[in-house]
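Trainee: Fold the following.
(3 chains)
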Amino acid sequence: MIVEGDGRMPRSKRGTPSVLVWLRDDLRLDDNPALVAALAEGRPLHLLYVLDEVSPGLRPLGAAARWWLHRSLAALGHEIERRGGRLLLRRGPAAIVVGAVLEETGAVSLHWNRRRGAAPQAIDSTLKADLTASGIAVQSHHADLLHEPSRFVTGSGSPYRVFTPFWRALRATWPPRTPLPAPDRLPPPGEGEIAAGSDALADWKLLPTAPNWASGIAASWTPGETGAAARLTAFLERGIYSYSLERDRPDLDLCSHLAPHLRFGEISVHRIVAALEAARGGAAPPAEENVEKFLAELGWREFSHHQLARSPDFAHHAVDRRFDRFPWIDDETTLRAWRRGRTGYPLVDAGMRELWATGTMHNRVRMVVASFLVKHLLQDWRAGEAWFWDTLVDACPAANPANWQWVAGSGADAAPYFRIFNPVTQGEKFDPLGDYVRRWVPELARLPKRWVHAPWTAPADVLAAAGVRLGETYPQPIVEHAKARARALAAFAEMTSS
DNA sequence: TTTTGAGTTGTTCGA
DNA sequence: GTCGAACAACTCAAA
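Mentor: Below you'll find the model as predicted:
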């Protein structure tokens, strides 16, 4: 049950004025500029998270992200309490809730870290204007990117549209600022805290009930700052040393796994960069190419956020407007086969099943399944983007649409239309032993590597020995690669000629 | 202003 | 089996 604000008193009865930090996509105490600025005021401190499912225009979190949010807030609440503070949880329209909490706590100033996207920015700027007019000191801080998008532009003042010059220019500003340490103690909340009630996290019902599809996700992830820091440490101990060469191998476990932690702001990009720079200058420095390759991945995250700042609704509209008249096929049958990992292409199916089971998918495989949906099945990239949004724990309002548009060919610096991934070739190249496929598509587990990426090419006796009956235990390919490829090229030609 | 070089991740075909 | 070229044309960024 939701605890209502019991015994809330009018502001005039308050004692010492306090300060409020509104946490959003920055669920951390480390390197948190808003928190540091609030602490510097030397007043009683309140920390607030608002679950806003009602303000117009906000995109509701996907199911996997809701699971993550629950666990992340639980972890954050624990860390805050350990330091003597308390995390207030409230649900409702953010602007109204924040105003109410300011009243209840007697806070006279408010801090937050900036976020991007049309609706969030509209909420924030309106709220800031309203509160400032009513005498609250509101400060927004720059926190989650290396550069504020509005201030990072080309020589002629326009935003970057091509990654390489963007990244070159950003690297020219190196190194980024030093991360801010997490506070050891948080000041006691003061009397206002007693008056301001908090929701119980469980009442938000962010976790799945029946069936509990999140068990595999829970086994794969530890949301929260501690889990994020542990991932970074583990990556710097191992994955970074062969990152450039082996990051494309889904059968190996060499990725940083930092994406969902970054998505919810459990670790800051500045902290990650600082750790990489320290490793570069440390006792056992990884090869330059490995560090550079990983930094470039952070660069792509940055680039996606800059795109979101420029085109706030690009989850729904192609940047390249020609794609508005692309002849997409609306076919629920093939879409369902793709979602469930029943396309008959082992690498695609392995990826889609990994996604469903763990809330993540190896980056290389994401490209392959995305290309397959958009080019082999000619399905609108937005259908794929929506599925990823619902199932990825790292579904990010910036990176998810940016990457889908990149694959579809409609986004910034997009892939050329003739770049159509061959799921068999990609499998043989990046999952050479077939171990990734065997792990996620167990019905092919006994197939020798020569055929594991293309079971329909295997001789009958090989299939029989492996216990594979195509069309029964495992689907026939739902499209033929060569035909699908030709069809995709024709569709692109149709779009560009009309 | 005009020009120039360049642009994440691929596949296929033919020599 | 390996290698290089073709697959288009366009936009961007900077000189």
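
Trainee: pLDDT weak spots in the stretch 251-400 of chain A?
Mentor: Residue ranges of the stretch 251-400 of chain A with pLDDT under 70: none are present.

Trainee: distance of the spatially closest residue to residue A:496 that is not a sequence neighbour from residue A:278?
Mentor: Leaving aside its chain neighbours, residue A:496 sits nearest to residue A:322 (6.8 Å; criterion: CB to CB, 6 or more residues apart in numbering). From N, CA and C alone the C-beta is placed, and that goes for glycine too. For residue A:322, the distance to residue A:278 equals 46 Å [CB to CB, to the nearest Å].

Trainee: Residue A:86 too?
Mentor: Relative to residue A:278, residue A:86 is positioned 33 Å away (CB to CB).

Trainee: The two: which is more packed in?
Mentor: Neighbours per residue (other CB atoms under 10 Å) separate residue A:86 from residue A:278, with residue A:86 holding more: 18 against 11.

Trainee: looking at it, that one is touching residue A:76, isn't it?
Mentor: No. Judged on CB atoms under 8 Å, residue A:86 makes no contact with residue A:76 at a distance of 11.1 Å.

Trainee: Return the residues of chain A in contact with DNA strand B.
Mentor: Within chain A, the positions near DNA strand B by CB under 7 Å from any atom of the strand are A:162-164, A:248, A:296-297, A:300, A:363-364, A:367, A:403, A:406, A:413, A:415, A:418-422, A:425-426, A:429, A:481-482, A:485.

Trainee: Would you mind listing what in the stretch 51-200 of chain A touches DNA strand C?
Mentor: A:154, A:155, A:156, A:158, A:159, A:160, A:161, A:162, A:165, A:166, A:168, A:169.

Trainee: and those residues, which are buried?
Mentor: Neighbour counting over these (16 or more other CB atoms under 10 Å) leaves A:159, A:160, A:161, A:166 as the buried ones.

Trainee: Burial check on residue A:314, number of neighbours?
Mentor: If we define neighbours as other CB under 10 Å, then residue A:314 has 24 of them.

Trainee: Using the three-state scheme, assign the nearest residue to residue A:405 once chain neighbours are set aside.
Mentor: Leaving aside its chain neighbours, residue A:405 sits nearest to residue A:411 (2.8 Å; criterion: CB to CB, 6+ apart). Following DSSP: H, G, I helix; E, B strand; the rest coil, we place residue A:411 in the coil state.

Trainee: ok, now residue A:144?
Mentor: Secondary structure, three-state DSSP: residue A:144 is coil.

Trainee: is it true that it touches residue A:270?
Mentor: No. Residue A:144 is beyond contact range of residue A:270, at 9.0 Å (criterion: CB under 8 Å).

Trainee: picking up where we left off before, from the buried ones among the residues of the stretch 51-200 of chain A next to DNA strand C, which shows the smallest pLDDT?
Mentor: pLDDT across those is lowest for residue A:159, at 87.

Trainee: can you tell me which residues contact residue A:152?
Mentor: Contacts for residue A:152 were tallied using CB atoms under 8 Å, 6 or more residues apart in numbering; they are A:159, A:160, A:169, A:170, A:306.

Trainee: and it, what pLDDT?
Mentor: Looking at residue A:152, its pLDDT stands at 90.

Trainee: Also residue A:489?
Mentor: 89.

Trainee: That one - how many residues pack around it?
Mentor: When neighbours are counted by other CB under 10 Å, residue A:489 comes out with 14.

Trainee: which one is it nearest to, not counting chain neighbours?
Mentor: residue A:418 (6.6 Å).
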